[in-house]
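Novice: Starting from these lines, generate the structure:
(chains A and B)
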2 protein chains.
Amino acid sequence: MSGALHPRGHVLALSGGVGGAKLAAGLAAVLPAGRLTIAVNTGDDFEHLGLTVCPDIDSVVYALAGLNDTERGWGVADERWRAMDMLGKLGEAQWFNLGDRDLGMHIARSWRLRDGQSLSEVTARLTGELGIVHPVVPMSDTPVRTQVETEEGLLEFQRYFVGEQCRPVARSIRFAGTPGAVPSPGFSQALERDDLAAVVICPSNPYLSVDPIMAVDGVRDVLLSRRVPCIAVSPLVGGKALKGPLTKLIEELGKASDNASIAQHYRGLVDQLVIDECDAADAEGLRELGVSVTVTQTVMREAADREMLAREVLAAVGVETD
Amino acid sequence: MSGALHPRGHVLALSGGVGGAKLAAGLAAVLPAGRLTIAVNTGDDFEHLGLTVCPDIDSVVYALAGLNDTERGWGVADERWRAMDMLGKLGEAQWFNLGDRDLGMHIARSWRLRDGQSLSEVTARLTGELGIVHPVVPMSDTPVRTQVETEEGLLEFQRYFVGEQCRPVARSIRFAGTPGAVPSPGFSQALERDDLAAVVICPSNPYLSVDPIMAVDGVRDVLLSRRVPCIAVSPLVGGKALKGPLTKLIEELGKASDNASIAQHYRGLVDQLVIDECDAADAEGLRELGVSVTVTQTVMREAADREMLAREVLAAVGVETD
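Specialist: Coordinates of the predicted model:
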């Protein structure tokens, strides 16, 4: 469909980690409070050293709060690893590196979860303290755990992604905890809003970061049944992911690392694809697949880039900023 | 009694935090593996932000491992507080400051305790990793919690000591969890060794740090019934504690802040008191109380000071170093 039924309505953004978080932050910068909900992948979440680590929620939160490290491209600005250094001296697992500032986040979250608060409640509390005005919600409050079936066996996500650095050849991906994981209250509310104007799929890895969100009970069905424009920003630039294992992964899963594969992956769900200028030549072929295409700069180096991309994405689906 | 039945036997040191930890480190430097056990006060232990904090065990461990900060006089060397900074941004309690390296210790301990390991097991594991060869044991593996009855009500130890900076006027001290807390296995073993040559009470606060150890079931009785030399190093220099609230506390509890009060407090338990050179004039009066007195430098600024004091303490009870 084209245009929006609610040009000043609500936007639901779906995001994974760092790349998606940048666009989420761009959307948060150009949409006022009350007009944006960001639902975040929790398939990467895990327990480590007694702490609950939520990497994608934290990427989004740090980006929105301006706490993210822009040079390193991940984690918190002005970060150090003194706690990990002590943990190393104490013989503790070193394969997953937790920064000192980041540990503050995990410590605050973990005691509250143990105390019986839901992940939604904890996230709302902590984002509120950081002055974030747009709801950042987990895709679900019950655990969903992404697992990668590889030629070396089934690996939990973090073991695959961080421990093994995505080295093992992937065969398929599954999401433990689904079916059976319902959307978080904030996610449900956004999905069912009368004034839902658009769904934006941020440029995260479709297989590892977006598919888990779609695996949550009823999400895909609601999106398919509602006549709300859905736009995805391709995570590829020149056929390659800017960060992460997407190219290697797509190829191991038997497809080409290109925008056609992205469009195919989102077929039926997504009406529009935003691709980078350097892939302008892909546009014609994508349109033949039945998807509208916007060609623009998708690489977000500065805050201005992500705001500009956010505005273009919203314009493409007929949603007004203020 | 004088002399030791086992000049090359085992030494049991009882310690609280920083001051006591210095002498414990001195003893560890001059006694070979197998000849020293350090039993540590756990009355200051508490749960904070979902972590189990054991301040006195950690003071001893850091001192023995050479990780302690000698300038600040407490905590870990080269420490920073990035995690606390994030916790502050997240609206979390700021009254108890946990350093980043120190957090590594609490994180390592806490998940293991939750996993069902005893405090003794966890402490043995972590000290082993740090290359500490002498057993550092909790006074008990079941929680004992020091509480201070003040004119403003009953305060948990850390609330009194850190939160209120020892400001409220103290009336009495109690140890929740006693009776009913048995000595840890390592503490029991040391107390019952045939070759126990001496008990050394390190220069910690008698009321807040040593009395909890004495409150553990059977400890006082074993020490009184065994004919093992027991020597205490006074925590006072010139009638004042080098660190902490001892002087204010002793006076609030109705006594004078002097070595006579220390000797009275330990009466029946302690045969010998080690006092600082600047209090040499106290010696005669103390001997009239029936306690042997050694006068020496008790202030420990450098590693050499604590080793020298350790040697003097051991010589006073007839125990040989190697």
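Novice: Next to chain B, which bits of the stretch 1-150 of chain A? Give me the list.
Specialist: A:49-51, A:67, A:76, A:78-80, A:82-87, A:89-92, A:99-105, A:107-108, A:110-111, A:114, A:125-126, A:129-130 (Cβ under 8 Å from any Cβ of the partner chain). The C-beta positions use only the backbone N, C-alpha and C, and glycine is treated the same way.
Novice: Just the ones of the residues you listed in helices?
Specialist: In helices, defined here by DSSP state H, the members of these are A:82-87, A:89, A:100-105, A:107-108, A:110-111, A:114, A:125-126, A:129.
Novice: Can you flag the buried ones in the residues you listed?
Specialist: With neighbours counted using 16 or more other Cβ atoms under 10 Å in any protein chain shown, these contain these buried positions: A:82-87, A:89, A:100-105, A:107-108, A:110-111, A:125-126.
Novice: Give the helix, strand or coil label for A:F187.
Specialist: helix (DSSP: H, G, I helix; E, B strand; the rest coil).
Novice: Next up, the contacts around it.
Specialist: A:T37, A:A39, A:V137, A:P138, A:M139, A:S140, A:V216, A:V219 (Cβ atoms under 8 Å, 6 or more residues apart in numbering or on different chains).
Novice: Quick check: the third one touching A:T42?
Specialist: Spelled out, that is A:V137. No - between A:V137 and A:T42 there is no contact, the gap being 9.9 Å when judged by Cβ atoms under 8 Å.
Novice: ok, and the closest non-adjacent residue to A:V295?
Specialist: A:A280 (4.8 Å; Cβ to Cβ, 6 or more residues apart in numbering or on different chains).
Novice: again, but for A:A190
Specialist: A:T37 (4.0 Å).
Novice: before we move on, what about A:A108?
Specialist: Nearest non-adjacent residue to A:A108 (Cβ to Cβ, 6+ apart): B:L90, at 4.6 Å.
Novice: Need phi/psi at that neighbour.
Specialist: Recorded main-chain torsions at B:L90 are phi -90, psi 10, according to degrees, to the nearest 10.
Novice: Any idea how many residues pack against it?
Specialist: Other residues lying near B:L90 total 19 when counted by other Cβ atoms under 10 Å in any protein chain shown.
Novice: One more: the one 5 residues further on?
Specialist: By the other Cβ under 10 Å criterion, the neighbourhood of B:W95 contains 11 residues.
Novice: ok, the closest residue in space to it that isn't next to it in sequence - how many residues close by?
Specialist: What sits nearest to B:W95 in space, not counting adjacent residues and going by Cβ to Cβ, 6+ apart, is B:G163, at 4.9 Å. B:G163: 15 surrounding residues under other Cβ under 10 Å.
Novice: For B:G163, give me the pLDDT.
Specialist: On pLDDT, B:G163 comes in at 95.
Novice: Can you tell me how far it is from B:V148?
Specialist: When Cβ to Cβ, to the nearest Å is applied, the distance between B:G163 and B:V148 equals 11 Å.
Novice: which neighbours do the two share?
Specialist: B:L155.
Novice: give me phi/psi at the closest residue in space to A:L246 that isn't next to it in sequence?
Specialist: Nearest non-adjacent residue to A:L246, counting by Cβ to Cβ, 6+ apart: A:N205, 4.9 Å away. A:N205 adopts backbone torsions of phi -60, psi 120, taken as degrees, to the nearest 10.
Novice: A:T247: helix or strand, and which one exactly?
Specialist: helix A:246-252 (DSSP states H and E).
Novice: pLDDT weak spots in the stretch 1-150 of chain A?
Specialist: Counting by pLDDT under 70, the stretch 1-150 of chain A shows low-confidence ranges at A:1-4.
Novice: who's in contact with A:L51?
Specialist: A:L51 neighbours (Cβ under 8 Å, 6+ apart): A:L98, A:L103, A:H106, A:I107, A:R109, A:S110, B:I107, B:W111.
Novice: run the last query once more with 6 Å
Specialist: A:H106, A:S110 (Cβ atoms under 6 Å, 6 or more residues apart in numbering or on different chains).
Novice: And for the residue nearest to A:V295, the neighbour number?
Specialist: A:A280, neighbours per other Cβ under 10 Å, totals 12.
Novice: hang on, it in a strand?
Specialist: No - read with three-state DSSP, A:A280 is helix and lies in no strand.
Novice: And it, how close does it get to chain B?
Specialist: 42 Å (Cβ to the nearest Cβ, to the nearest Å).
Novice: How about A:E251?
Specialist: Computed as Cβ to the nearest Cβ, the A:E251 to chain B distance reads 38 Å.
Novice: Same question for A:G177.
Specialist: Distance from A:G177 to chain B, by Cβ to the nearest Cβ: 22 Å.
Novice: Find the nearest non-adjacent residue to that residue, please.
Specialist: A:G177 sits nearest to A:V144 (Cβ to Cβ, 6+ apart), 4.1 Å away.
Novice: residue contacts, the one you found?
Specialist: A:V144 is in contact with A:T42, A:G43, A:F175, A:G177, A:T178, A:A181, A:P212, counting by Cβ under 6 Å, 6+ apart.
Novice: Kindly tell me how buried the fourth one is, as a neighbour count.
Specialist: By that I understand A:G177. Neighbours of A:G177 (other Cβ under 10 Å): 19.
Novice: Test my guess that A:I231 contacts A:V317.
Specialist: Yes - using Cβ atoms under 6 Å, A:I231 makes contact with A:V317 at a distance of 5.2 Å.
Novice: looking at this, A:T294 is in a strand?
Specialist: Yes - residue state for A:T294 (three-state DSSP) corresponds to a strand.
Novice: what bridges to it?
Specialist: Listed beta-bridge partners, A:T294: A:V274 (assigned using DSSP bridges).
Novice: That one contacts A:A316, correct?
Specialist: Yes - between A:T294 and A:A316 there is a contact at 4.7 Å, judged by Cβ under 6 Å.
Novice: Contact partners for A:P55?
Specialist: Per Cβ under 6 Å, 6+ apart, neighbours of A:P55: A:G17, A:D44.
Novice: Where do the helices of the stretch 201-322 of chain A begin and end?
Specialist: Along the stretch 201-322 of chain A, the segments classed as helices by DSSP state H, counting those that start in this stretch run A:211-215, A:219-225, A:246-252, A:259-265, A:283-288, A:303-316.
Novice: what's the offset of the fourth one from the middle of its chain?
Specialist: What that stands for is helix A:259-265. From the chain centre to the centre of helix A:259-265 is a distance of 18 Å (Cα atoms, centre = their mean, to the nearest Å).
Novice: can you pull the buried residues of that helix?
Specialist: Here helix A:259-265 shows A:N259, A:A260, A:S261, A:I262, A:A263, A:H265 as buried, counting by 16+ other Cβ under 10 Å.
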